[in-house]
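*Asks:* Sequence first, then the predicted structure, then my questions.
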Amino acid sequence: MTAGRGWIAVALVVFASWRPFRLLAGAYLFGLVMTMELYAKAGGGPLTAIPSELWAAMPYLATIAVLVLISIRRDASTNAPACLGKPFLPSN
């Protein structure tokens, strides 16, 4: 069970623009946000000021924010694979 985190994984690939170090940084960012939720639920001091429901939604809100920021980028170079989105037609 991925608990809805498959969508975050797809967003990470888009965020990283097929660059492994960006992917690693993004994964740590989203992991940090998910860990903050656990600390808040365990009674981690000032983190309890925010309701636990909002902490549970934070990874998804962060994903939406990252995708919005990526979509408004002005440069069109994403270094995407050349065959991305093209159907695979095997030759006989």
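*Replies:* On my side now, so go ahead.

*Asks:* In this structure, where is pLDDT below threshold?
*Replies:* 1-2, 44, 74-79, 92 (pLDDT under 70).

*Asks:* residue boundaries of the helices in it?
*Replies:* 6-16, 20-41, 52-71 (DSSP state H).

*Asks:* what angle separates the longest one from helix 6-16?
*Replies:* This means helix 20-41. Helix 20-41 and helix 6-16 are oriented at 140 degrees to each other (axes from the mean of the first three to the mean of the last three Cα atoms, to 10 degrees).

*Asks:* any idea how far helix 20-41 is from the chain center?
*Replies:* 9 Å (Cα atoms, centre = their mean, to the nearest Å).

*Asks:* can you state the direction angle for that helix and helix 52-71?
*Replies:* Helix 20-41 runs at 160 degrees relative to helix 52-71, counting by the same axes, to 10 degrees.

*Asks:* Tell me the buried residues in helix 20-41?
*Replies:* Neighbour-count burial for helix 20-41, counted by 16 or more other Cβ atoms under 10 Å, picks out 23, 26, 30, 33-34, 36-37, 40. For glycine as for every other residue, the C-beta is placed from the backbone atoms N, C-alpha and C.
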